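Enquirer: need a structure here:
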Amino acid sequence: MGRLIRFLKDKGLYQNTIIVLTGDHGESLGEHGEKTHGFFIYNATLHIPMILHVPGQRLVNSVPELVSLADLMPTVLQALKVDVPPQVQGRNLLPLMTAKKEDQSQGLYEETFLPRLHFNWSELRGLETKNYHFIDAPKPELYDLARDPGETQNLYPTKKAVAEEMRARLSALIRQYSGGQELAEKTGLDPALMERLQSLGYAGFSGGGSPTVSNRTLPDPKDRIQLYELFSDAMADSQHAKYAESTHKLNQVLQTDPDSIPAHYLLGLNYYRMREFPQAVAQFRQVVQLSPDYTLAVFQLGLSFGQTGDWDRAIETLKRALQLDPTNFSASYNLGAAYLQKKMVPEAVSAFRQCITTAPDYAQGHRALGEVLLYQGQTNEALAELRRAIELDPNDPGSHVALAKALAATGKNDEAEDELRKSQTAKPQ
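Expert: I've put the predicted structure just below:
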């Protein structure tokens, strides 16, 4: 940062440059049991730096009021003398920074949907004011930030009146900025896109009877933090190819949460990578039973059926994966391969064509289609597909061999021999 500022000053640009230094989140580093961020909404992860340099403004050194990253956009726009769109939720901080205006913050809204979206545990929503931090959860929390900045003493049982007032203010904020048709109309977003964003945990809040926690029967994330960290460790092990260690931890997770979709899914991936395909089938079947439209799980189940030699179920399942996601070119490719195992050549051609239509630069798809077309005697089209495969991946020996066969079938023996020589020197990447 010092080098950047020195460069701007040396070039005479500093006094004409707005500089914003901030972060998107903090790290818990073990506070409240969370090692990283995203699971809880304590200040260990919410409190971040925000440093601004605005040319032409006499700014105070420090602003004690609560501010939010949502305030950056309107602040920068106002500094640039650009009108702020009316639907923007943040506020211009320049009056606070020049000590010209009292703080009028309604409090800062926070949420995490990570526990809900990935584990079907309760989401968390909260409101922070200058004095208090309220977290609405199946087991609500209230902290006095002046006396307890580390948020270790939950005052909810003894200060329920304060907590209920904070809950009411939180509900009002949620209603004010709730997602759906009305917000879509205000922001100009397609309502269908708004619904999709909501399903992913973005773009405001879902409606319903409770404007804060939507389902108090779900587990409280506080009661699942050790399980979450165990799963996170298992995921890290799997990413580093420590599949046995990962599998052991995931089985521990399932002892407490037997219907954990991510645990079953990752366990299926581990078994697949360890080539224990029947066990992979069992885990992916469990995932699909719990979540029938989990596209990746259906796809992985189809691959696992293929590895066990159950081609009928592989075909059925891969077709289902393509119904859920027609853009999955790998599903099309593997469906074609499964059809070939069943001697269903026309169906294989159709699947390979779908594959390269979806992914025109997928060399393996062109090679597979070319080889099947050559088998059918459609030599000219086979040549075109195999040449395209080599153009995309010149280091694939199999494509050169297949092209040599196609060239020999048309009497181009010299070219065929040249391709065979290339196949011997090609080095797969």
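
Enquirer: Strands of the protein, residue ranges please.
Expert: Secondary structure of the chain (DSSP state E): strands at 19-22, 50-53, 108-112, 124-128, 132-136, 141-144.

Enquirer: Between these, which one is closest to Ser330.
Expert: Nearest of the strands of the chain to Ser330, taken as Cβ to Cβ: strand 108-112 at 32.1 Å. Where C-beta positions appear, they are placed from N, C-alpha and C, glycine not excepted.

Enquirer: from the middle of its chain, how far away would the closest one be?
Expert: In terms of Cα atoms, centre = their mean, to the nearest Å, the centre of strand 108-112 is found 19 Å from the chain centre.

Enquirer: ok, now which ones touch the closest residue to Ala404 other than its chain neighbours?
Expert: Computed as Cβ to Cβ, 6 or more residues apart in numbering, the closest residue to Ala404 that is not its neighbour in sequence is Glu419, at 3.9 Å. Counting by Cβ atoms under 8 Å, 6 or more residues apart in numbering, Glu419 touches His400, Val401, Leu403, Ala404, Leu407.

Enquirer: what about Gly150, neighbour count?
Expert: 12 (other Cβ atoms under 10 Å).

Enquirer: if I read this right, it contacts His32, doesn't it?
Expert: No - counting by Cβ atoms under 8 Å, Gly150 does not reach His32; the two are 9.2 Å apart.

Enquirer: coming back round to it: could the contacts of Glu419 go into TSV alongside distance to Thr158 and pLDDT?
Expert: Conversion of those to TSV gives the following (distance: Cβ to Cβ, whole Å; pLDDT from 0 to 100):
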residue	distance to Thr158	pLDDT
His400	77	95
Val401	78	95
Leu403	79	95
Ala404	82	95
Leu407	85	95
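
Enquirer: Which strands and helices lie in contact with the longest helix anywhere in the chain?
Expert: In the chain, taking DSSP state H as the definition, the longest helix is helix 160-176. Packing partners of helix 160-176 (3 or more Cβ pairs under 8 Å, 6 or more residues apart in numbering; DSSP states H and E): strand 108-112, strand 124-128, strand 132-136, strand 141-144.

Enquirer: Leaving out the residues flanking it, which one is nearest to Thr358?
Expert: Distances taken as Cβ to Cβ, 6+ apart put Phe329 closest to Thr358, at 4.2 Å, once the chain neighbours are dropped.

Enquirer: So that neighbour is in contact with Pro360, correct?
Expert: No - if you go by Cβ under 8 Å, Phe329 and Pro360 don't touch, sitting 9.4 Å apart.

Enquirer: More neighbours: those two, which one.
Expert: Neighbours per residue (other Cβ under 10 Å) separate Phe329 from Pro360, with Phe329 holding more: 21 against 12.

Enquirer: Relative to Gly398, how far out is the residue nearest to Ala404?
Expert: 11 Å (Cβ to Cβ, to the nearest Å).

Enquirer: Tell me which stretches of the stretch 1-150 of the chain form helices.
Expert: Remark: helices assigned in the stretch 1-150 of the chain by DSSP state H, counting those that start in this stretch are 2-10, 43-46, 72-79, 94-97, 114-119.

Enquirer: Mind checking the ones you listed for the one nearest to Arg387?
Expert: Closest among these, using Cβ to Cβ: helix 114-119, at 45.0 Å.

Enquirer: Give me the residues contacting that closest one.
Expert: Residues from elsewhere that reach helix 114-119, judged by Cβ under 8 Å, 6+ apart: 38-39, 121-124, 200-201, 218, 221, 224, 228, 231, 257, 260-262.

Enquirer: go again using 10 Å as the cut-off
Expert: 37-40, 121-124, 137, 199-201, 213-215, 218-222, 224-225, 227-228, 231, 253, 257, 260-263 (Cβ atoms under 10 Å, 6 or more residues apart in numbering).

Enquirer: Which among those count as buried?
Expert: Taking 16 or more other Cβ atoms under 10 Å as the criterion, what is buried in those is 37, 39-40, 121-124, 137, 201, 213-214, 218, 220-222, 224-225, 227-228, 231, 253, 257, 260-263.

Enquirer: Tell me which stretches of the stretch 301-429 of the chain form helices.
Expert: Going by DSSP H, counting those that start in this stretch, the stretch 301-429 of the chain shows helices at 311-324, 329-341, 345-358, 363-375, 379-392, 397-409, 413-425.

Enquirer: could you dump those to a markdown table with distance to Gln176?
Expert: Shown next, in a markdown table, are the helices of the stretch 301-429 of the chain (distance: least, Cβ to Cβ, whole Å):
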| stretch | distance to Gln176 |
| --- | --- |
| helix 311-324 | 36 |
| helix 329-341 | 43 |
| helix 345-358 | 43 |
| helix 363-375 | 50 |
| helix 379-392 | 52 |
| helix 397-409 | 60 |
| helix 413-425 | 67 |
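
Enquirer: what about the ones you listed, which gets the closest to Ala236?
Expert: Nearest to Ala236, of the helices of the stretch 301-429 of the chain and by Cβ to Cβ, is helix 329-341 at 25.2 Å.

Enquirer: angle of the closest one against helix 311-324?
Expert: In terms of direction (axes from the mean of the first three to the mean of the last three Cα atoms, to 10 degrees), helix 329-341 departs from helix 311-324 by 150 degrees.

Enquirer: Below-threshold pLDDT in the stretch 51-200 of the chain: ranges please.
Expert: The stretch 51-200 of the chain contains residues with pLDDT under 70 at 99-105, 178-200.

Enquirer: ok, now the stretch 301-429 of the chain?
Expert: For the stretch 301-429 of the chain, applying pLDDT under 70 flags no range at all.

Enquirer: Now do stretch 337-356: distance from first to last residue.
Expert: Chord length of stretch 337-356, first to last residue, is 14 Å (Cα to Cα, to the nearest Å).

Enquirer: How far off centre is that stretch?
Expert: 32 Å.

Enquirer: re earlier: the strands of the chain: which one's closest to Ser350?
Expert: Among the strands of the chain, the nearest to Ser350 by Cβ to Cβ is strand 108-112 (44.8 Å).

Enquirer: Quick check: can you name the pairing partners of the closest one and their directions?
Expert: strand 124-128 (antiparallel) (DSSP bridges).

Enquirer: quick check: angle from the strand it pairs with to helix 160-176?
Expert: Strand 124-128 and helix 160-176 meet at an angle of 110 degrees, taking the same axes, to 10 degrees as the criterion.

Enquirer: Output strand 124-128 as PDB, nothing but the C-alphas.
Expert: Output of strand 124-128 as PDB, limited to C-alpha atoms (Å, rounded to 0.1, in the frame of the first residue of the first chain):
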ATOM      1  CA  LEU A 124     -28.600 -16.800  11.500                       C
ATOM      2  CA  ARG A 125     -29.700 -13.200  11.200                       C
ATOM      3  CA  GLY A 126     -28.700 -10.400  13.400                       C
ATOM      4  CA  LEU A 127     -28.700  -6.700  14.200                       C
ATOM      5  CA  GLU A 128     -25.900  -4.700  15.700                       C
END
